[in-house]
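*Asks:* Fold the following, please.
(one chain, ligands or ions: 1)
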Amino acid sequence: MMYGTLQGALLVYRSRSEKNLEDSTLRFLSSGKADKELIYYDILGTQAHCIMLHEIGILTVSEVEQILSALVKLEANPALINLSTFEDVHESLEAFVIDQTKAEIGGKVHTARSRNDQVVLDMRMKIRDDLNNTSSYLLDLINSLLRKASENVDTVILFYTHSQQAQIGTFSHLLLSYVETLSRDLDRLNEIYDRINTCPLGGGAIGGSSIGINRNRTAALLGFIGLVTNSIDATSSRDTMCEYVSSLGIIMITLSRISADLILWSTSEFGYIDISDENSSTSSAMPQKKNPDPLEIIRGKSGSLLGNLNSVFSIVKSLPTGYSRDLQEIKPALWEASNSVQNSLQILEMVIDSLYVHRERMEQMAVKSYAISIDIAEQLVVKNRMPFRSAHKIVGALVEKAVSSGNMPLSGLKKEQIKEVLLRLNSDLKVEDIMQLIANLTPKVSVSLRLSEGSPNPKCQQLMIDELKRKALAYDKSLSGRKRCISESLDALRREVKNYLPDFDLRKSNCHA
Ligand code: ARG
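*Replies:* A predicted model of the protein is given here:
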């Protein structure tokens, strides 16, 4: 058979059928486009499988050498296969090996294997890498947030609830809240990693094989920590992929929230931050504009990602046990989700790194605000031992007075006005005490008085930063360990290949970015 020129030859898998697929049907059902991402993994999986087939006596040494030789040729130049003229990467790769060797040899690569275990193997290997890369980018973002937080432990800012000014806090505290959420996102990825990192190869079509394959050997050659043992489970289940895309969805929700905050704070109305020119867009019409488009794209992509998540779940839902071709459709959604998250994390990290913080503006807004009210009420509770509810009533009435006197700050209230409020509420508090309390409670004092654990008090900030830095370092270490395990196993696989092909160049393959 001439590879890629199929006229006169049947597609590799057409044994019962006497005719090839209609061109349009082939185009319709081919997963060639999505499978570009899988070539590298399909080659590795096939190498491991064939080495194992040789070890159990199915392939002779000469056969395995010829097959491996074809595979390394493809690894050096993946453009040698034409995915679009085949049903998928698996058929395309097998046709290539058959073309390079001959049918008597290449025709043996699919012994004790099915596309059903092959595709899940490739997907798990790709997701394993994607998950690790996503974790690295998450860590980069966490580290850049920690750097910004360190510079802003005593930068005062307003916190908002219901989009209304709520309490006074510190900017670092806000940034650290993102770090906490992102650390949980990392936890989630960590947690599902071991479940992704198990090997389905050898599950066959659904019911295993009567050939005495060594599943543990292929799993070890490919760097997996164990097997997806049950052959039905190995080929039919996609739950690990569902949890992977769910975790990505949750990450994107976090990124979307951070973006929404930054977009708002960068408006002239807030004026809290400046997003660097390098990370802003302009307007074709309005010369004054500097738009936070990259952040808007992140927010938008979080919507698309929820679409990807929905696609994966909806495709998997209601399928009976056993491989169905529907499952092919989850691949583009998964790849798009992986790409979106990784790109968004990288962009957001740059935005954070280059963010300019207008500290004076933040403080000025806090000074003008009534967000100090809860601090005043709490001081009344502490100093005067009064019920919080009574303090709440008094401060609320003072705010009302200040608002109706032209939105003046509480510190602008006159003695008479305070007296009037206290009288109306039958309070025996002294006007002077209230005036002094208000005068002393600047935003900076307000945050320094916050005593509860996890509060924006600048003293707690440094402790939190140190703790989160330690956590990030520990993550970094375990992530490097995970990546090292994979690369050591794949290096060992390459050395195995070299045992058969002494001329094989051990340097990294061309088909893995
Ligand atoms: N292209 C298929 C996929 O991506 C591979 C498995 C096809 N298996 C089958 N028996 N039709 O899911």
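*Asks:* which parts of the protein sit against the ligand?
*Replies:* The chain comes close to the ligand at residues 31, 88, 115-116, 119, 323, 325, 327-328, 331, as judged by C-beta under 6 Å from any ligand atom. Heads up, the C-betas are built off the backbone N, CA and C, glycines and all.
*Asks:* Got a quick ChimeraX command for the buried subset of these?
*Replies:* In ChimeraX, the members of these classed as buried (16 or more other C-beta atoms under 10 Å) are selected with the following command:
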select :31,88,115,116,119,323,327,328,331
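*Asks:* got CSV for the residues of the chain next to the ligand, with distance to Tyr137 too?
*Replies:* Compiled in CSV, the residues of the chain next to the ligand are given as follows (distance: C-beta to C-beta, whole Å):
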residue, distance to Tyr137
Ser31, 27
Asp88, 29
Arg115, 32
Asn116, 32
Val119, 26
Tyr323, 32
Arg325, 33
Leu327, 28
Gln328, 28
Lys331, 21
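*Asks:* for Ser281, what are its contacts?
*Replies:* 290-294 (C-beta atoms under 8 Å, 6 or more residues apart in numbering).
*Asks:* Report the buried members of these.
*Replies:* Buried members of these, scored by 16+ other C-beta under 10 Å, are 292, 294.
*Asks:* export the contacts of Ser281 to a markdown table and tack on secondary structure, pLDDT and distance to Ile56?
*Replies:* Written out in a markdown table, the entries for those read as follows (DSSP: H, G, I helix; E, B strand; the rest coil; pLDDT from 0 to 100; distance: C-beta to C-beta, whole Å):
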| residue | secondary structure | pLDDT | distance to Ile56 |
| --- | --- | --- | --- |
| Lys290 | coil | 86 | 65 |
| Asn291 | strand | 87 | 62 |
| Pro292 | coil | 90 | 59 |
| Asp293 | helix | 91 | 57 |
| Pro294 | helix | 96 | 53 |
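*Asks:* And the contacts of Ser281, which is closest to Gly212?
*Replies:* Within the set of the contacts of Ser281, Pro294 lies nearest Gly212; the separation is 55.2 Å, counting by C-beta to C-beta.
*Asks:* how close does the closest one get to Leu355?
*Replies:* 12 Å (C-beta to C-beta, to the nearest Å).
*Asks:* And Glu22, by the same measure?
*Replies:* Relative to Leu355, and taking C-beta to C-beta, Glu22 is found at 56 Å.
*Asks:* neighbour count winner among the two?
*Replies:* Comparing Glu22 with Leu355 by other C-beta atoms under 10 Å, the one with more neighbours is Leu355, at 19 against 9.
*Asks:* so what's that one up against?
*Replies:* When contacts are counted by C-beta under 8 Å, 6+ apart, Leu355 is found next to 148, 262, 273-276.
*Asks:* Which of the three states applies to the residue of the stretch 151-300 of the chain found nearest the ligand?
*Replies:* The nearest approach of the stretch 151-300 of the chain to the ligand comes at Ala205, 7.0 Å away (C-beta to the nearest ligand atom). For Ala205, the reduced secondary structure class is coil; criterion used: DSSP: H, G, I helix; E, B strand; the rest coil.
*Asks:* Please name the spatially closest residue to it (chain neighbours excluded).
*Replies:* Counting by C-beta to C-beta, 6 or more residues apart in numbering, Ala205 lies nearest to Ser114, which is 3.9 Å off, once chain neighbours are set aside.
*Asks:* and the gap between Cys460 and Gln379?
*Replies:* Counting by C-beta to C-beta, the gap between Cys460 and Gln379 amounts to 19 Å.
*Asks:* Any idea how far the longest helix seen in the chain is from the middle of the chain?
*Replies:* Looking only at the chain and at elements set by DSSP state H, the helix with the highest residue count is helix 458-500. For helix 458-500, the gap between its own C-alpha mean and the chain's C-alpha mean amounts to 16 Å (C-alpha atoms, centre = their mean, to the nearest Å).
*Asks:* Hmm, Val395 and Leu425 touching each other?
*Replies:* No: between Leu425 and Val395 there is no contact, the gap being 10.6 Å when judged by C-beta atoms under 8 Å.
*Asks:* So between these two, which is more surrounded?
*Replies:* When neighbours are counted by other C-beta under 10 Å, Val395 comes out ahead of the other of Leu425 and Val395, with 25 against 14.
*Asks:* and the gap between the more buried one and the ligand?
*Replies:* Noted for Val395: a distance of 64 Å to the ligand, by C-beta to the nearest ligand atom, to the nearest Å.
*Asks:* Would you agree that residue falls within a helix?
*Replies:* Yes: with the criterion set as three-state DSSP, the secondary structure at Val395 is a helix.
*Asks:* That one: what's it in contact with?
*Replies:* Counting by C-beta under 8 Å, 6+ apart, the residues that Val395 touches are 373-374, 376-377, 380.
*Asks:* just wondering, since we're on Asp353, how far is it from Leu145?
*Replies:* From Asp353 across to Leu145, the span is 10 Å (C-beta to C-beta).
*Asks:* nope, Arg495 is what I was after
*Replies:* Arg495 is 41 Å from Leu145, by C-beta to C-beta.
*Asks:* Look at these two and report which has more neighbours.
*Replies:* With neighbours defined as other C-beta under 10 Å, Arg495 and Leu145 compare such that Leu145 has more, 26 against 11.
*Asks:* what mean pLDDT does the helix or strand harbouring that one have?
*Replies:* With the criterion set as DSSP states H and E, the secondary-structure element containing Leu145 is helix 115-151. For helix 115-151, mean pLDDT is 98.
*Asks:* same for it, what does it pack against?
*Replies:* Helices and strands touching helix 115-151, by 3 or more C-beta pairs under 8 Å, 6 or more residues apart in numbering; DSSP states H and E, are helix 39-55, helix 89-100, helix 171-196, strand 198-199, helix 231-236, helix 239-265, helix 330-353, helix 458-500.
*Asks:* Report the buried residues of stretch 81-93.
*Replies:* By 16+ other C-beta under 10 Å, the buried positions in stretch 81-93 come out as 81, 83, 85-93.
*Asks:* circling back: what is the nearest of the contacts of Val395 to the ligand?
*Replies:* Using C-beta to the nearest ligand atom, Ile374 is the member of those that sits closest to the ligand, with 57.0 Å.
*Asks:* hang on, the earlier thing: among the contacts of Val395, which are located in helices?
*Replies:* Cross-referencing the contacts of Val395 with the helices (criterion: DSSP H) gives 373-374, 376-377, 380 as the overlap.
*Asks:* which one of those is nearest Ala472?
*Replies:* Ile374 (32.4 Å).
*Asks:* Give me the pLDDT for the residue lying closest to the closest one once chain neighbours are set aside.
*Replies:* When the adjacent residues along the chain are set aside, Ile374 lies closest to Gln167, with 6.0 Å between them (C-beta to C-beta, 6+ apart). Looking at Gln167, its pLDDT is 97.
*Asks:* Gln167: neighbour count?
*Replies:* For Gln167, the number of neighbouring residues by other C-beta under 10 Å comes to 20.
*Asks:* Confirm it sits in a strand?
*Replies:* Yes: with the criterion set as three-state DSSP, the secondary structure at Gln167 is a strand.
*Asks:* Please work out which residue of the stretch 401-513 of the chain is closest to the ligand.
*Replies:* Of all residues in the stretch 401-513 of the chain, Cys511 sits closest to the ligand, with a separation of 18.0 Å (C-beta to the nearest ligand atom).
*Asks:* Run a quick neighbour tally on that residue.
*Replies:* 19.
*Asks:* quick one, what contacts it?
*Replies:* Cys511 makes contact with 39-40, 43, 74-75, 78, according to C-beta under 8 Å, 6+ apart.
*Asks:* swap in Lys469?
*Replies:* Applying C-beta under 8 Å, 6+ apart, we find Lys469 in contact with Leu146.
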